[in-house]
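Enquirer: My questions concern the predicted model and sequence given below.
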Amino acid sequence: MTDTRRELKLGAFLYPTGHHVAAWRHPDAQADAGSNFTHYVALAQAAEAAKFDLIFMADGVGTRGTDIEALSRTAIRYVAQFEPITLLSALSAVTRSIGFVATASTSYNEPYHIARKFASLDHISGGRAGWNLVTSSSEHEAHNFGRDEHYAHAERYERAEEFADVVRGLWDTWEEDAFPRDKESGIYFDPDKQHILNHKGKYFKVRGPLNVARAPQGHPVLVQAGSSEPGKELAARTAEVVFTAHQTTEDARAFYADLKGRLAKYGRDRDDLKVMPGIFPVVGRTEQEAKDKFQQIQDLIHPAVGLSMLAGMAGSIDLSQYPLDGPVPELPETNSSKSRQKLLLDLARRENLTIRDLYLRIAGARGHYQVVGTPVQIADKMEEWFTTGAADGFNIMPPHLPVGLYDFIEHVLPELRRRGLFRSDYEGRTLRENLGLGVPHHPARAQIAAE
């Protein structure tokens with residue numbers, strides 16, 4: 001039975017041309033999407049009209065891969081696309097209610113930069129900003145920031161823990177009413193309501209204060225995407241939304257229960273964190289039409305692109321030395337995304353896939369859940385995950401853009417609404433209100449209330 005007391009939370013995860021590795025080659029795709037602002041305006045306004053909670057932007061501070069043959073044939077390896085905070089700031093001016101979540105790495109940024117940029121985005125958007133905290137999984141990013149090699153996995157997460165604490169501390173520089181801006185008295189801000197951080201830690205030394213007023217949401221929403229053991233622990237302590245990837249309902253339920261079960265030790269309630277797995281929907285009026293649409297885009301994959309994508313996701317490991325139609329070999333532990341490597345290897349073993357089979361299997365969703373079917377079939381899967389403890393919502397990953405998003409809006413959303421699973425209008429004006437998340441109170445105010 002559908003749980004009518006809750007509704008799905010939905011994000012529109014916008015890769016420029018779409019999520020399929022060959023998306024840019026599809027006849028209906030906007031091939032220059034990464035550099036086309038008008039394209040993003042249309043998508044943002046369509047997602048807002050459909051009442052999505054948020055737009056989600058992935059990012060990397062470097063092109064992923066050195067195989068120029070493969071790179072020259074793909075649009076999803078951060079080859080040519082906008083910096084997300086800049087883009088989302090512009091999109092906030094042509095929307096009113098939808099939230100904006102941008103990815104920014106704790107490995108190749110400084111906490112002051114991130115605190116300032118996202119607080120600014122929250123002000124510009126009127127309280128609709130979220131930060132997707134990542135530690136960077138790509139070795140290639142290191143080479144753009146004076147490093148010969150990437151931080152080790154454990155060090156990345158230790159640094160991220162401290163980074164998040166510094167950012168949140170900087171966001172607490174000012175109390176809500178710190179700026180009277182009283183022309184009569186000449187008082188611009190109340191010195192008693194400014195709080196200097198003076199952080200001195202293992203990785204960062206940051207005095208403060210932040211030179212942006214307290215954000216409309218208190219803090220921008222903190223999102224996290226790691227699913228490794230350190231990633232789950234970081235999420236349980238700091239995150240308010242978790243974006244994750246699972247291939248089966250059982251795995252998704254286990255992750256959901258594990259993550260939610262960790263919250264209590266940090267004094268948090270289960271509803272303080274929303275779990276939103278990625279889902280890659282290919283929508284057809286009939287099941288056969290959906291399969292035909294999927295096969296059309298699968299046929300556009302160049303083998304060099306498929307192999308390069310798989311090698312990168314498997315941990316920047318060269319797979320060209322192995323037979324393409326042979327079994328997926330045992331792989332050394334990666335310093336990149338450990339959870340994604342495990343997901344791929346488990347999938348290959350479970351379904352007895354060859355290297356070619358595996359890259360074809362993940363070419364659309366890159367390890368996220370893939371559903372090819374009718375609106376009813378897609379809604380059935382989403383409802384099952386939602387009502388059986390596998391998800392609080394989903395990040396929708398359209399195969400190609402703009403049509404993939406429009407198909408979901410036109411055909412799947414009405415079915416979800418018919419079942420009482422998704423809103424007909426926004427609950428509020430801020431991202432926190434629409435996600436059902438509380439507003440962080442300033443520590444000074446919390447102390448006064450406690451006394």
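Expert: Received the coordinates, thanks. Numbers count the residues shown, from 1 in each chain.
Enquirer: Am I right that residue 421 sits in a strand?
Expert: No - using DSSP: H, G, I helix; E, B strand; the rest coil, the assignment for residue 421 is coil, not a strand.
Enquirer: can you pull the contacts of it?
Expert: Shown in contact with residue 421 (C-beta atoms under 8 Å, 6 or more residues apart in numbering): 2, 7, 8, 379, 382, 383, 386. Just so you know, the C-beta spots here come from the backbone N, C-alpha and C atoms, and that holds for glycine as well.
Enquirer: now swap in residue 160 and tell me
Expert: Residue 160 touches 106, 107, 133, 135, 234, counting by C-beta under 8 Å, 6+ apart.
Enquirer: is it true that the second one touches residue 139?
Expert: In other words, residue 107. No - counting by C-beta atoms under 8 Å, residue 139 is not a contact partner of residue 107; they are 11.1 Å apart.
Enquirer: Name the residues contacting each of these two.
Expert: With C-beta under 8 Å, 6+ apart, residue 107 and residue 139 have common neighbours residue 150.
Enquirer: re the thing from before, restrict the contacts of residue 160 to the buried ones and give me that as a PyMOL selection.
Expert: To isolate the buried members of the contacts of residue 160 in PyMOL, using 16 or more other C-beta atoms under 10 Å:
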select buried, resi 106+107+133+135+234
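Enquirer: Narrow the contacts of residue 160 to those in helices?
Expert: residue 234 (DSSP state H).
Enquirer: Next, format the contacts of residue 160 as a markdown table and append distance to residue 23 and pLDDT.
Expert: Formatted as a markdown table, the contacts of residue 160 follow (distance: C-beta to C-beta, whole Å; pLDDT from 0 to 100):
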| residue | distance to residue 23 | pLDDT |
| --- | --- | --- |
| 106 | 29 | 95 |
| 107 | 27 | 92 |
| 133 | 26 | 96 |
| 135 | 26 | 91 |
| 234 | 31 | 93 |
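Enquirer: So which residues of this structure form strands?
Expert: For the chain, the strands defined by DSSP state E occupy 9-13, 54-57, 99-105, 129-134, 199-200, 205-206, 221-224, 241-244, 274-283, 369-373, 393-396.
Enquirer: Show me which residues of the lengthiest helix in the chain are buried.
Expert: The longest helix of the chain (DSSP H) is helix 153-171. Neighbour counts over helix 153-171 (16+ other C-beta under 10 Å) mark 153, 156-171 as buried.
Enquirer: what's the answer for stretch 297-313, then?
Expert: 297-298, 300-302, 304-313.
Enquirer: again, but for stretch 199-218
Expert: Neighbour-count burial for stretch 199-218 [16+ other C-beta under 10 Å]: 199, 204, 206, 208, 210, 212, 213, 214, 215, 216, 217, 218.
Enquirer: The second one touches residue 162, doesn't it?
Expert: Same thing as residue 204. Yes - shown here, residue 204 and residue 162 form a contact pair, counting by C-beta under 8 Å, at 5.9 Å.
Enquirer: And the buried residues of stretch 199-218, which is closest to residue 149?
Expert: Checking those against residue 149 by C-beta to C-beta gives residue 204 as the nearest, at 20.9 Å.
Enquirer: ok, and the closest non-adjacent residue to the closest one?
Expert: Spatial nearest neighbour of residue 204, chain neighbours left out: residue 166 (5.4 Å); criterion: C-beta to C-beta, 6 or more residues apart in numbering.
Enquirer: Give the full set of residues in contact with that neighbour.
Expert: So residue 166 contacts 111, 112, 115, 197, 199, 201, 204, 206 (C-beta under 8 Å, 6+ apart).
Enquirer: Check those and tell me the two furthest apart.
Expert: Maximum pairwise distance among the contacts of residue 166 (C-beta to C-beta): 14.9 Å, between 115 and 201.
Enquirer: what's the pLDDT at residue 183?
Expert: Per-residue pLDDT puts residue 183 at 98.
Enquirer: Let me see the confidence value for residue 309.
Expert: Model confidence at residue 309 (pLDDT) stands at 76.
Enquirer: that older thread, switch the contacts of residue 166 over to JSON lines; also include pLDDT and distance to residue 189.
Expert: Shown next, in JSON lines, are the contacts of residue 166 (pLDDT from 0 to 100; distance: C-beta to C-beta, whole Å):
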{"residue": "111", "pLDDT": "98", "distance to residue 189": "22"}
{"residue": "112", "pLDDT": "98", "distance to residue 189": "19"}
{"residue": "115", "pLDDT": "98", "distance to residue 189": "18"}
{"residue": "197", "pLDDT": "98", "distance to residue 189": "17"}
{"residue": "199", "pLDDT": "98", "distance to residue 189": "21"}
{"residue": "201", "pLDDT": "98", "distance to residue 189": "27"}
{"residue": "204", "pLDDT": "98", "distance to residue 189": "25"}
{"residue": "206", "pLDDT": "98", "distance to residue 189": "20"}
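Enquirer: Now for the closest residue to residue 283 other than its chain neighbours, how many residues are close by?
Expert: Using C-beta to C-beta, 6+ apart and skipping residues adjacent in sequence, the residue nearest residue 283 is residue 407, 4.3 Å away. Residues near residue 407, counting by other C-beta atoms under 10 Å, number 21.
Enquirer: repeat for residue 101
Expert: By other C-beta under 10 Å, the residues close to residue 101 number 28.
Enquirer: quick one: contacts for it?
Expert: Counting by C-beta under 8 Å, 6+ apart, residue 101 makes contact with 11, 54, 55, 56, 57, 129, 130, 131, 132, 221, 223, 241.
Enquirer: Touching, the third one and residue 99? I think so.
Expert: Spelled out, it's residue 55. Yes - taking C-beta under 8 Å as the definition, residue 55 is a contact partner of residue 99 at 7.1 Å.
Enquirer: the more surrounded of these two?
Expert: More crowded of residue 55 and residue 99, by other C-beta under 10 Å: residue 99, with 30 against 26.
Enquirer: I'd say the more buried one and residue 53 touch.
Expert: Yes - using C-beta under 8 Å, residue 99 is in contact with residue 53, at 5.8 Å.
Enquirer: To residue 425, which of the strands of the chain lies closest?
Expert: Nearest to residue 425, of the strands of the chain and by C-beta to C-beta, is strand 9-13 at 13.8 Å.
Enquirer: Show me the helices in the stretch 251-400 of the chain, by range?
Expert: 287-298, 303-313, 338-351, 355-362, 375-387 (DSSP state H, counting those that start in this stretch).
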